[in-house]
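>>> Next input, structure requested:
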Amino acid sequence: MKKFGIYFLTLFSSLLLVVSCSNDDDNDIIDEPTLTTIVETAQDTDILSSLVAALAKADENADSDLIGALSGNGPFTVFAPTNGAFTALLASLDGFDSLSDFDTPEKREILATILKYHVVVGAAATSSSLSNGQEFTTLQGEKITVRIDGDVYIQDPTDTDAKVGPADVMASNGIVHVIDKVLVPQEVLDALNPEPLPNIVELAVDTPFLSLLVGALGQADAGLVDLLQTDGPFTVFAPTDTAFAALLDALGDDYNSLA
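Just a heads-up that it's a prediction; the model follows:
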């Protein structure tokens, strides 16, 4: 009987050990996965490979460390353009067929400016916390605006809004919202599409102290106005109104004005 009791105790102990191991295995299964940083999340997401490449290209400038910044503590909210969004951006830019065409420090600075416009520092804003008309100041310095119309959109200074989806991709240092368009700040729009400079005649007309020069050109009636509105180039030494007044005074009574 004593022998049987020993066998029973041994069997019972073995069963406890099996159950204990089984519980440990179950605990391993339900453990929450460790979140990765925003950069690592993008690196592991196929549709964001162009964003990762753009960050690396911008960081070729000695004074740029966007990858390092977005690997920091945050929190950050990043609106992350897809590969298709970058393809559309490049197609809209003259002389840019791929990210490799950002091949000078000046061009890479433009790229960095664009990328910073997608980052909000100091907040991890979920899609449920966004509201229509809400504004965020970006790392670049300009604002983006939320528009909610069934779906969630992000507005920049262009005529086309970026649609959010998928949203709420959680990272260890913030949150990522995927968007279908690259946001472009006004600073970059102005750099890529500068206002045309006035021609010489337009400049003279808009300069108050050159009004007598404009009158003189009209009085000459020798095609000078039309000529100075062509491509040129021209160098014009433009007398001021004071200079013309002195000339008229020196010419005497027969030249009281340019009329």
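
>>> Identify each buried residue in stretch 92-103, please.
Across stretch 92-103, burial judged by 16 or more other Cβ atoms under 10 Å covers 96, 99, 102. For the C-beta atoms, the positions are set from N, CA and C on the backbone; glycine is no exception.

>>> which one among these gets closest to residue 230?
Residue 230 lies nearest to residue 96 out of the buried residues of stretch 92-103, by Cβ to Cβ, at 31.0 Å.

>>> re the thing from before, can you lay out the buried residues of stretch 92-103 as TSV showing pLDDT?
Output for those, formatted as TSV (pLDDT from 0 to 100):
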residue	pLDDT
96	93
99	97
102	97
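
>>> and those residues as CSV, adding secondary structure?
As requested, the buried residues of stretch 92-103 are arranged in CSV below (DSSP: H, G, I helix; E, B strand; the rest coil):
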residue, secondary structure
96, coil
99, helix
102, coil
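
>>> Dump those residues into JSON lines; add distance to residue 38 as well.
What follows is these, written out as JSON lines (distance: Cβ to Cβ, whole Å):
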{"residue": "96", "distance to residue 38": "25"}
{"residue": "99", "distance to residue 38": "19"}
{"residue": "102", "distance to residue 38": "21"}
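
>>> just these now: which is nearest residue 35?
residue 99 (27.7 Å).

>>> and that closest one, what is it in contact with?
50, 53-54, 57, 86, 90, 111 (Cβ atoms under 8 Å, 6 or more residues apart in numbering).

>>> So which of those residues are in helices?
50, 53-54, 57, 86, 90, 111 (DSSP state H).
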